[in-house]
Every structure is written in structure tokens, then in C-alpha cells.
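Undergrad: need the 3D shape of this:
(chains A and B)
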Amino acid sequence: MTQITDTSLDFARTQASARIRKARINAVIRYVILGLVGLVMLYPLIWLVGASFKTNSEIFANPGFLPHEPTADGYIEGWKTSTPYTFGTFFLNSFKIILPKVIGTVISCTFVAYGFARFEFPFKKILFGSVIAILLLPNVVTRIPQYILFRDLGWLDSFLPLWVPSALAGDAFFVFMLVQFLRAIPGDMEEAARVDGANSWQTLVFIVVPMLAPALISVALFQFMWTMNDFLGPLIYISSVDKYPVSLALKLSIDTTEAFAWNRILAMSVLTITPALAVFFAAQKYFIEGISAGGIKG
Amino acid sequence: MARLQLHNLEKTYGNGFRAVHGINLDIEEGEFMVFVGPSGCAKSTTLRMIAGLEEISSGEVRIGDRIVNDLQPGKRHIAMVFQNYALYPHMKVRSNLSFGLRLAGVPKAERAKAVDEVARILEIEPLLDRLPKQLSGGQAQRVALGRALIKKPEVFLFDEPLSNLDAKLRASMRVRITDLHRRLKAEGKASTVVYVTHDQTEAMTMGDRICVMQSGHIMQVATPKVLYDQPANLFVAGFIGSPEMNLIDGRLTGNAFTTGAQQIDLPPHLMARLSSYPKEAVLGIRPQHLRLATSGLTATLRNVEFMGHEVYLYANLEGTDVVCVASTAEFDAMDRSADRLTLQPDPAHMHIFDRESGANVSLPRGAA
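TA: Take a look at the predicted model:
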């Protein structure tokens, strides 16, 4: 009896260790593949950072991403730019657009989405239908009418056309995203708040906004990144160099005198993507939560 | 504490669907009123109209001496406990409890005192610094109860508050709520309560009075005992009581009730009580009042359920399924060689219903 037990125990042990070994091998293979694919996807970024520390001639001579003689020359010279302004000015310009735009978007889209998701009012269906229609409309179609409108308002060569529409809930995508998110939140908490004596505004501020926080963080992040990366908007509306945001300023260094100073351009590109990357990694958790809970793929 | 009156209350939705058909109901100060009925009977809609969460199509709701139709929920001096607790997920229990007071502009020190008092009554003191997601179902329900209690409302509304809890917890919360209401009533501080449920056990054990509803109509309003002993119509008779009352279709002929080929004599006191004499009638008799006997109605035994202290006998009587509750001793003494049962309805507990109108025509004089 004892012998049988011992044998079966040994057998079980051998089996178990074989299973564990197999699982380990599987894990190693899995991570190697993941690592390789990740590296392929990240390589351009890594190369960009590496190349920004190379000299201009080395960029074309050395295909690897590690510079032989690291130099911060690209950053120093690139920051100065060929204009009377430093890159600091352009960063400041970018943030003068981004800040009111992001804050305005978050506030205005919350109001509009709350209205659509929670209240009944005349023509609600038609109005919401037009929000969706705007969502489907290619941006290009509205460029010219918008340009004429802003010209008549005397807003050309100012930051206003770049942030005012968004700050007035002009981005249908965000309104739609928040409406979907709100629809997924049961109305009971808001009813409880109403019984507790809250009016619609108090309900919005004390109850709805805190529950909406993950979605609002996603909205802010999207808006931040898209505005940071926006090239066409500033290109159309901004004509004075002293008002250029970074996206235009980068292009500026390509077509004028510094056409071949690639290390400067790359150095400034690295600086340009840094804020977006930093914000993204800092808020990554909420960002993903917001997208998935909103039922919208980013 | 205030009286709650519903007068010709109606609810019609935008698509023309009429959910509530002119309800009239008086609920006394400090009374515990239970709305009970099957799903879709508009009991929750009625409650929500009282709360102000649902618009009133016509009629009026009066709390105390005020008509509250056009008042915001927050101004009606009510508090409500929701089925799924509806606690504010981002606030700690303490803030959840005091949110209403904070909106009302009650000073901080006073709020803290009120929170402590309610927490003590409901034994939730150790939970005050937790978030709702860190609470169990029973704890969350107690917090929801506390959030309502702290406002010292005139009318307390419960919307199926226990249906998300497991059976054991439900039973203990049931006792806790009625006990709390009784205690506060003794101190003269009890609110008027409207409690919505679909569970007749909750209704029977908790309510001072019960309002049975069906498809937007009130079927009967009475104390649990009256509802059980003197159901006003077929719906109430079938809805209240477990197992359900036996309702046997038949005809009245002379002083007897005929079903199929069988006949049973009706006692003189029952005949004397009849408010009308419907030809097409339904005999109502609770399973507990259907005795095994040597003479009476003969039925075919279909199934037997042994419950411990008693036995449920399921039988077929002239095409109608009937249930008879017998004691274990009676069941043991029964002749089980044939699958025939002889059943004798207890004459003191027989009801005669008009099949067409559904009304109980055999209610004692003066009964509701």
C-alpha cells in the first residue's frame, strides 16, 4: 500500500515539475516575442532620441541609434532657431492655445453631454442627430466656411479660432463620448441627490462630475495631444512667426536656412513630443479606464 | 411626521400609456403603509410621483397640509431608500450621510452630531470612513437607510430596499426596519412610511396597512389580517397568502355551490351575507381551511409535498388544481390506497366571488 502511494507520489511530482518547466519555457517564448514586437514598434522613437544627440554628419553615416560622440549641440542650436525667437516662445504659444482649449472643452462638453443624457427638451433628437452628423463630417469640408467666419470676426492671426470653437463644445466627438459614458452610469445616484435637496447644477458638480472623472481625464488627454500635434489649424490661421506654436515652428526649421541641420530638428522634435508623452504616462491608468468605460475605441 | 394624501393621482406617459389610473389613498401620520403588487403594477411609479422623481399627469399629492405636486423632491420633506442603495460612490460613508444636510446649509458641528447619532442607531460607526465599494450589501443598505433617516423626513419612502439582499439578511433587515419604526413611533418621532415591495412576506410582516395594486389600480387597502381574512376580490385573494387560495369555478344553485358534477352546501351565515347572487361564481377557500374528511368534495391526488410539520396535497377537483394543507398526523391517518381525496371546506372561511366582476360578495356586513 505504502509502495503504491510512494510511486504515485513520485509520478505526480515528475508530472508537476514537467508542467512547471513547460510553463516557464512558454513564458520565456512569449516575452521574447512581445519584447521583439515592442522593440520594432518603439525603434523609430528610440532612434529619434539617439539621433538628436548625434552630429549632423553622423546621422547619415551611422545607422545605429547610439551616437559615437554624444553632443547636445542639436538642442542648444535648435532651441535658438533661425528666427529672433527661441523655441521657448513657441512652446509658450502652444500652451496659450492648449490651456484654454482643454479646460474649455472639459467644462463645455460636460454641460452639453449632461443635457443630452439626462434631460428631455424639445428637438432633442434632431439636435443630437446633428451632433452625430458633425462627428461624421470630414473636417476639411468646414475649413473654408470657418476661415471666412473667423476672418469676418477679425480673429485671423490670433489664437482665438484655434481654441474658442472647442471651448464651446464644438468637438462632437467629446460630447458623444461623454454622453455614452453618462448613459452607462445609472441615474439612481442623481435621483438620490435630488431627494437630498440638490438642484440640477449641484447634482452635476457634486455627483455627476466625480463619477465622470475618468472620462473627463481622457477628454483632456485627447484634446491635449491632438492640439499639440495639430499642424493644419495654426498653419491656416497664424501668420506671424512670433505666434507660431511648436508644430509650425518645427516645419519652419525645415524649409528655411537650417534645411540640413537634421540634428536640431530631431532635437526639437524630441522636446515637442515630451509633454504629450509625459502627460500620457502620468494619466495612463485613467485614460484607458475612460476609453473602455465609454465604450469607444481611442 | 405628516399625513400623506393621494387624490385622483394619474400617470400617463408620452406614448399614451396610462400607468396609474386615478389613485385615492389616505396615509395617516406615522403609519407604515406597504404598496404591494406584481411587477408592472405601477407601485414604484406611484412612489416616485410622491417623491417628485416622476411627473404627475393629473391629481394631487398632499404632504401634511401642502400640495407638493410642483415642488422639487428636495423641498418635499421626504427621504427615499433605493433598491440598489444609490450611495454616492466617490464619497465616504460619513459624507454620504451628511450630503443632504450639507446642501441644506446645516453647520458642520451639527452635521457631525447628526451623523454620529444615526451611525449609533444603525450600528454603522466603524464604517464611517469607508467608501461605498468597501461595504457589503447589508452594510450599504444600512448606510442608505441612515442617509434617509438623518434628514428626519416627514415621509419616508422605500423602493424595494431589501430585494438585493440574500434571504437571511432580508429577514434581519425587515425586523430592524420595523423595530426602528416602532421605536421612533413610541418616541413620537416616527415618519410616515411608504414601502414598496413585490414580496408579500415583507408586506404582511411590516405594514400597518397594505395597499394591493394591480395595473395601476388599487385593489384593496387594509390591515394584513383583514387582507388575509376578507380579500375584497379575486386578485387579492390569489395574491396574498402562501400557498395561494384555492379558487374553484362553479355556479350558485339555491343554497349550494356546484362545480362540475359535485355540489357542496353553503352554510346559512354565508348565504345571509351575500351582497348579490351571482350565477357564475368562484368559491375561494385557503389550503389551510380545506380539511380531509369522510364526506365533501372528491378530488384526484396529483402530488404530495412533505414540509415537516405539515403536508401539501396537490389535487385536481373537477378540472381545477387545488391545494390542501394537512397536518402530518392527518396525512399518516389518511387512506392512501386510492388516489382519491375527500375534502371538506371549513364553513367559517369560505368566500364567494362574482366571476364576472371579481368582487367578493360574501364579505361580512360593514367590512371594507
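
Undergrad: show me the contacts for the residue in the stretch 101-250 of chain A positioned nearest to chain B.
TA: For the stretch 101-250 of chain A, the residue closest to chain B is A:Gly197, as judged by CB to the nearest CB, at 3.1 Å. For every residue, glycine as well, the C-beta is placed using N, CA and C. The contact partners of A:Gly197, taken as CB atoms under 8 Å, 6 or more residues apart in numbering or on different chains, are B:72-75, B:100, B:103-104.

Undergrad: quick one: it from B:Ala79, how far?
TA: 10 Å (CB to CB, to the nearest Å).

Undergrad: overlap in contacts of these two?
TA: In contact with both A:Gly197 and B:Ala79: B:Gly100, using CB under 8 Å, 6+ apart.

Undergrad: how many residues are close by A:Val32?
TA: 10 (other CB atoms under 10 Å in any protein chain shown).

Undergrad: where does it sit: helix, strand or coil?
TA: What DSSP: H, G, I helix; E, B strand; the rest coil gives for A:Val32 is helix.

Undergrad: do the one 5 residues further on as well
TA: Here A:Val37 is recorded as helix under three-state DSSP.

Undergrad: and for it, the neighbour number?
TA: For A:Val37, using other CB under 10 Å, the count is 10.

Undergrad: narrow the contacts of A:Gly197 to those that are buried.
TA: Buried members of the contacts of A:Gly197, counted by 16 or more other CB atoms under 10 Å in any protein chain shown: B:73-74, B:100, B:103.

Undergrad: quick one on the thing from earlier: using the three-state scheme, assign the residue of the stretch 101-250 of chain A closest to chain B.
TA: Strictly by three-state DSSP, A:Gly197 counts as coil.

Undergrad: for it, give me phi and psi.
TA: Dihedral pair for A:Gly197: phi 110, psi 10, per degrees, to the nearest 10.

Undergrad: please name the nearest non-neighbouring residue to it.
TA: Nearest non-adjacent residue to A:Gly197, counting by CB to CB, 6 or more residues apart in numbering or on different chains: B:Gly74, 3.1 Å away.

Undergrad: again with B:Ala42
TA: B:Gly216 (4.2 Å).

Undergrad: can you tell me how far that neighbour sits from chain A?
TA: 21 Å (CB to the nearest CB, to the nearest Å).

Undergrad: go ahead and confirm that residue touches B:Ser44.
TA: No: using CB atoms under 8 Å, B:Gly216 is not in contact with B:Ser44; the gap is 11.6 Å.

Undergrad: of all the residues in the stretch 1-150 of chain B, which one is nearest chain A?
TA: B:Gly74 (3.1 Å).

Undergrad: likewise the stretch 201-350 of chain B?
TA: Nearest to chain A in the stretch 201-350 of chain B, going by CB to the nearest CB, is B:Glu202, at a distance of 20.5 Å.

Undergrad: in the chain, which helix or strand is least confident?
TA: Using chain A here. Every helix and strand in chain A was compared by mean pLDDT, DSSP states H and E; the lowest is helix A:284-294, with a mean of 61.

Undergrad: that was the other one, I meant chain B.
TA: That would be, for chain B by mean pLDDT, DSSP H and E, helix B:328-333 at a mean of 86.

Undergrad: list the buried residues in that helix.
TA: Buried, per 16+ other CB under 10 Å, within helix B:328-333: B:Phe331.

Undergrad: that one: how far from the chain's middle?
TA: 33 Å (CA atoms, centre = their mean, to the nearest Å).

Undergrad: alpha carbons of the helix or strand hosting A:Ile273, as PDB, please.
TA: Using DSSP states H and E, A:Ile273 maps to helix A:262-282. The C-alpha trace of helix A:262-282 is given here as PDB (Å, rounded to 0.1, in the frame of the first residue of the first chain):
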ATOM      1  CA  TRP A 262      18.700  67.500 -39.000                       C
ATOM      2  CA  ASN A 263      20.100  67.100 -35.500                       C
ATOM      3  CA  ARG A 264      18.500  70.300 -34.500                       C
ATOM      4  CA  ILE A 265      15.100  69.400 -36.000                       C
ATOM      5  CA  LEU A 266      15.300  66.000 -34.300                       C
ATOM      6  CA  ALA A 267      16.300  67.500 -31.000                       C
ATOM      7  CA  MET A 268      13.300  69.900 -31.100                       C
ATOM      8  CA  SER A 269      11.000  67.000 -32.200                       C
ATOM      9  CA  VAL A 270      12.100  65.200 -29.100                       C
ATOM     10  CA  LEU A 271      11.200  68.200 -27.000                       C
ATOM     11  CA  THR A 272       7.900  68.600 -28.800                       C
ATOM     12  CA  ILE A 273       6.700  65.100 -28.100                       C
ATOM     13  CA  THR A 274       8.000  65.100 -24.500                       C
ATOM     14  CA  PRO A 275       5.000  66.900 -22.900                       C
ATOM     15  CA  ALA A 276       2.500  64.700 -24.600                       C
ATOM     16  CA  LEU A 277       4.400  61.500 -23.600                       C
ATOM     17  CA  ALA A 278       4.800  62.700 -20.000                       C
ATOM     18  CA  VAL A 279       1.100  63.600 -19.700                       C
ATOM     19  CA  PHE A 280       0.100  60.300 -21.300                       C
ATOM     20  CA  PHE A 281       2.200  58.100 -19.000                       C
ATOM     21  CA  ALA A 282       1.100  60.100 -15.900                       C
END
